[in-house]
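Asker: Attaching a predicted model along with its sequence, questions to come.
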Amino acid sequence: MQFDSSNLQKAVGQGTIGGVIGKPVTLSFRQCLIALVFACIALLIGYLFGTPQDAVFSACVALVGGYMALNVGANDVANSVGPMVGARALPLGAALLLAAVAETAGALFAGQHVAGRIAYRIVDQDTVQDPVQFVIGMLAALTGAALWINAANILRAPISTTHAIIGGIVGVAVFAIGVDAVVWPEISLITLGWFLSPMASAGAAVLIFAFIRSELLGVQNKVRAARTWIPILIAAMAALFTLFLIAKGLANVWTPTTPVLTTAVLGAFIAALVISGPYIRRSSMGLANRNQTVQALFRVPLIVAGGFLAFSHGANDIANIAGPVTAILHVQQTSDLSLSLDIPIWVFVLGALGLSCGLLFFSSGMVKVVATRITKINPVRAYAIAMATASTVTAASWIGLPVSTTQIAVGAIFGIGIYREFIARRQQVQKVLEEGAEQKKQRMLIRRDDAIRILAVWAITFPAAGLISAALFWIINQFL
């Protein structure tokens, strides 16, 4: 019995949001109603569980945090489920449901539990002296970042939500204190990550895809090659995602020793190899010796990979919401600027609820952009994208380089598209030389206009969020 996602797709309003970058989104009445209901829930959560002495202020901060979470969920979900949907491993509705569950689990069980790390990583703590201005500044930064992510969602442009909140904090710090307040070496490191990580993921995706083309798709007996290599590739994916979860998703709650980490990774590899070998042999019995057979055998691994990516994203990006909200409420109540405090569970619940609601009800257009508007994706290409994304993020986390999962995932998709064009051009030239065929115009396998729009929005995210946040900081101070 196959899962029918048509009713779920109607429930989340799939028909109201398209997938063309730059064309403004038209929200349905159902989506507007959902946003209003979520806003009321966020206000109620903040009022009931926030600071009792400032219940109304807590409710307002919770509303801003919920708004940020809603936008993060609507934008960043494309990282984990876009390739899976593009490869048709799952229908859109089912993929969104899987991602919502995984994102929520990651946010609640593996999210960062200490507030203030984002702010004091990029702003010199010694320069922050006024608690009132800190509260206003963080509130302006959170709101400014959320507004910019909302604008990107309207334009269907996948951006780094982490860079948006960092840009907001830097913009407020420069405007309120001065350029000396910013830890510029850290900003330089973040900027370096913007350039290096997408190129690294593109290269990794090309290498993985080229290997599969050579050893599985380009051989005579494809079924035999699939039975040999796909279990090994699945085991490698399991080992990599185990390392990815520990290094990226679970780093805030568990730091294992090297022997334990090695044992966990090897155990995942062996277990996946033992399980997937018989599964692939059984699934490939009676199948035709063609490329479609190989593509079909990657379907289940892709679904698992999408769940892993969503879990790790929820664990990592919840800090962009929960950290600032907790810091604002804590300083408002105590005037303590050290911020070495645990994030309350209700803030995690608010963030997880916002992520899942944004993902389920407002993200379909962004998923379609990643799935279809950059280059055509099939299961093999999607596997290469998932592996490249996980390996690049894990490597960056290991060396301490701040990166964006969004940019890494989209960079891997760009890499696959560029490689496809290279192969097509080479085959065309070879055909002309060998057969004397007429030279035809090269078919573009990457949508140039959409790629340029994505790169342009990436480039302006940091300054745009900073300018919006600085303007909000000035406006709020004018009314106080």
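Answerer: Perfect, I can see it now.
Asker: Now do the helix or strand containing Asn79: everything it contacts.
Answerer: Under the criterion of DSSP states H and E, Asn79 resides in helix 78-86. Taking contacts as C-beta atoms under 8 Å, 6 or more residues apart in numbering, the residues outside helix 78-86 that touch it are 90-92, 95-96, 98-99, 102-103, 158, 302-303, 305-307, 309-310, 313, 363, 366-372, 376-378, 381-382, 385-386, 389, 405-406, 409, 413. C-beta: built from backbone N, CA, C; applies to glycine.
Asker: From the residues you listed, list just the buried residues.
Answerer: 90-92, 95-96, 98-99, 102-103, 158, 302-303, 305-307, 309-310, 313, 363, 366-372, 377-378, 381-382, 385-386, 389, 405-406, 409, 413 (16 or more other C-beta atoms under 10 Å).
Asker: so where's the stretch 51-200 of the chain uncertain?
Answerer: 111-119 (pLDDT under 70).
Asker: could you pull out the helices for it?
Answerer: Ranges of helices within the stretch 51-200 of the chain are 55-76, 78-86, 92-110, 117-122, 131-154, 161-176, 184-212, based on DSSP state H, counting those that start in this stretch.
Asker: rewinding a little: in helices, which of the buried ones among the contacts of helix 78-86 fall?
Answerer: Judged by DSSP state H, those include 92, 95-96, 98-99, 102-103, 302-303, 305-307, 309-310, 313, 366-372, 381-382, 385-386, 389, 405-406, 409, 413 as members of helices.
Asker: do you know how far Met444 is from Arg373?
Answerer: Noted for Met444: a distance of 13 Å to Arg373, by C-beta to C-beta, to the nearest Å.
Asker: between those two, who's got more neighbours?
Answerer: Neighbours per residue, other C-beta atoms under 10 Å: of Met444 and Arg373, the larger number sits with Arg373, 24 against 11.
Asker: Go ahead and confirm the more buried one touches Arg447.
Answerer: Yes - assessed by C-beta atoms under 8 Å, Arg373 is found in contact with Arg447 at 5.8 Å.
Asker: Neighbours of the closest residue to Ile166 other than its chain neighbours, how many?
Answerer: Nearest residue to Ile166 in three dimensions, chain neighbours excluded: Ile122, at 5.9 Å (C-beta to C-beta, 6 or more residues apart in numbering). Neighbour count for Ile122, taken as other C-beta under 10 Å: 22.
Asker: ok, now which ones touch the closest residue to Met68 other than its chain neighbours?
Answerer: Counting by C-beta to C-beta, 6+ apart, Ala146 is the residue found nearest to Met68 once chain neighbours are left out, at 4.0 Å. Listed by C-beta under 8 Å, 6+ apart, the contact set of Ala146 reads 64, 67-68, 71.
Asker: Looking at those, spot the one nearest Gly218.
Answerer: For these, the residue nearest Gly218 by C-beta to C-beta is Asn71; the value is 43.3 Å.
Asker: Could you pull up the contacting residues of that closest one?
Answerer: So, once contact is read as C-beta under 8 Å, 6+ apart, Asn71 ends up touching 146, 149-150, 153, 161, 358.
Asker: Quickly note the distance from it to Asn477.
Answerer: Taken as C-beta to C-beta, the span from Asn71 to Asn477 is 25 Å.
Asker: what helices or strands is the host helix or strand of Gly466 leaning on?
Answerer: Secondary structure from DSSP H and E places Gly466 in helix 448-478. Applying 3 or more C-beta pairs under 8 Å, 6 or more residues apart in numbering; DSSP states H and E, we find helix 448-478 packed against helix 131-154, helix 161-176, helix 405-435.
Asker: Just name the most buried of the ones you listed.
Answerer: helix 161-176 (a mean of 26; mean count of other C-beta atoms under 10 Å).
Asker: now for that helix, which elements pack on it?
Answerer: helix 55-76, helix 117-122, helix 131-154, helix 184-212, helix 319-334, helix 448-478.
Asker: returning to what we had before: pipe the helices of the stretch 51-200 of the chain into a markdown table and attach distance to Gly354 per row.
Answerer: Output for the helices of the stretch 51-200 of the chain, formatted as a markdown table (distance: least, C-beta to C-beta, whole Å):
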| stretch | distance to Gly354 |
| --- | --- |
| helix 55-76 | 2 |
| helix 78-86 | 17 |
| helix 92-110 | 9 |
| helix 117-122 | 17 |
| helix 131-154 | 10 |
| helix 161-176 | 12 |
| helix 184-212 | 24 |
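Asker: nearest to Ala247, of these?
Answerer: So among the helices of the stretch 51-200 of the chain, helix 92-110 is nearest, using C-beta to C-beta, at 11.7 Å.
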